[in-house]
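Visitor: generate a structure from the sequence data that follows.
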Amino acid sequence: MRYIRQTQLANFGEVAQQKLRDAKVLVVGAGGLGVPVLQYLTGMGVGTLGVIDMDTISLSNLHRQVLYSENEVGQSKVVTVVDKLKALNGEVKFQFYNEAITPQNALAIIQDYDVVIDATDNFSTRYLLNDACVILNKPLIYGAVQQYEGHVSVFNYNGGPTYRCLYPTPPSAGEIPDCNTAGVLGVVPGIVGCQQALQAIKVITGVGQTLSGYLQIFDFLQDDQYKMKLKANPLNQQITALLPNYEAVACNTVSLLSVEELYGWYETGKAFQLIDVREPAEFEEGHLAGAVSIPLMQLNPAEVAINAHIPVVMLCEKGARSNKAAQMLQKQYPQAGIYSVLGGMYYWQDEFEEEYLVHKSVY
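Guide: Numbers count the residues shown, from 1 in each chain. Modelled structure (predicted):
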């Protein structure tokens, strides 16, 4: 009777429920994202749940981590959350790790689980989880929040993209504001965490379509959402060992623009400023119409003339250099709308071939 409202669903039934019961899911982080993930996976009957977090409950957590209460401030998150989840569903087995996940313990912990859910809030752990999941061939459910925005995807699933296909290289420490400084609206992690739980259920049961190959972006301030198509880079699926350490960096605040969106801007005549940060030889070989060439190594944000009234779009070959350039400009022009094109010219030519492309032979 506990699961009757699920098992009576068409295309779900007892078969999918049994898959949930047999599944082992590791949730990394028991905070704003992890709390709703853990509550719903417990309620829905996932057989074994692991949760890893070394943090304690603080007063500033409570506006978004609503499973905790004031009288639990200072207590261990994983111990507290597991005690409460046991009261929700006594059929679920729990394993908690009151420690940080590190290159030294990641593989040993993750190998025992079928699915990993990234409910963390920092780049260093995200890259660590990604690399460990690639090595062990485990699906990784990704979620990230900041201010009024949320991102969700499924990585390393059925040959699909990995986290490094979205962000090939991490930003340098100090280039972007800390999550605690940028802030987050309390309800946002709850919504994104529920989306992560949904993706995990789909991966486990095979019901419906997952977000593998796409990044779902939620703009909660404008009540808007859209998907960016992601492509798998085979090189990112060939990781065989973890790094000795992962640079501790903050959360990325650069807004990503898909090539489909940029194409739409061209088609509708939308005004935007396009800066190509590739090397001059790359630019001359072929660049998008209206682009201005400013190689990344020569980029001085203070000398770039920015029109704060129109979007500023940074473009490179695959997205890494443009992301770094966008971070540099953001710091100089915090009020401007600055974007980095996801996948760069590589994605553009894969989708649109020669459209809006200008070659040296034109001159």
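
Visitor: can you give me the end-to-end span of stretch 88-103?
Guide: With CA to CA, to the nearest Å as the measure, the ends of stretch 88-103 fall 33 Å from one another.

Visitor: so what touches it?
Guide: Applying CB atoms under 8 Å, 6 or more residues apart in numbering, the set of residues contacting stretch 88-103 from outside is 2, 21, 28, 39, 42-43, 45-54, 76, 78-79, 81-82, 85-86, 105, 109, 125, 128-129, 242-246. No exception for glycine: its C-beta is placed from N, CA and C like everyone else's.

Visitor: in strands, which of those residues appear?
Guide: When these are checked against strands using DSSP state E, the ones located there are 28, 48-52.

Visitor: for these, which one is nearest Tyr167?
Guide: Closest to Tyr167 out of those is Val28 (17.3 Å), distances taken as CB to CB.

Visitor: hmm, back to that, whichever of the contacts of stretch 88-103 end up buried, select them in PyMOL.
Guide: Here is the PyMOL command that picks out the buried ones among the contacts of stretch 88-103, judged by 16 or more other CB atoms under 10 Å:
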select buried, resi 28+39+42+43+45+46+47+48+49+50+51+52+53+76+78+79+81+82+85+109+125+128+129+242+246
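
Visitor: returning to what we had before: possible to save the ones in strands among the contacts of stretch 88-103 as TSV with pLDDT?
Guide: Written out in TSV, the entries for the ones in strands among the contacts of stretch 88-103 read as follows (pLDDT from 0 to 100):
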residue	pLDDT
Val28	98
Thr48	98
Leu49	98
Gly50	98
Val51	98
Ile52	97
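
Visitor: from those, which is closest to Gln349?
Guide: Looking across the ones in strands among the contacts of stretch 88-103 and measuring by CB to CB, the closest to Gln349 is Val28, at 36.3 Å.

Visitor: tell me the contacts of the closest one?
Guide: Counting by CB under 8 Å, 6+ apart, Val28 makes contact with 34, 52-53, 101, 116-120, 125, 129.

Visitor: now it: how far from Leu38?
Guide: With the distance defined as CB to CB, to the nearest Å, Val28 ends up 11 Å from Leu38.

Visitor: also Cys316?
Guide: According to CB to CB, Cys316 and Leu38 sit 39 Å apart.

Visitor: more neighbours: which of those two?
Guide: Here Cys316 and Leu38 are compared on neighbour count by other CB atoms under 10 Å; more neighbours surround Leu38, at 30 against 25.

Visitor: longest helix of the chain?
Guide: Of all the segments of type helix in the chain, defined by DSSP state H, the longest one is helix 187-205.
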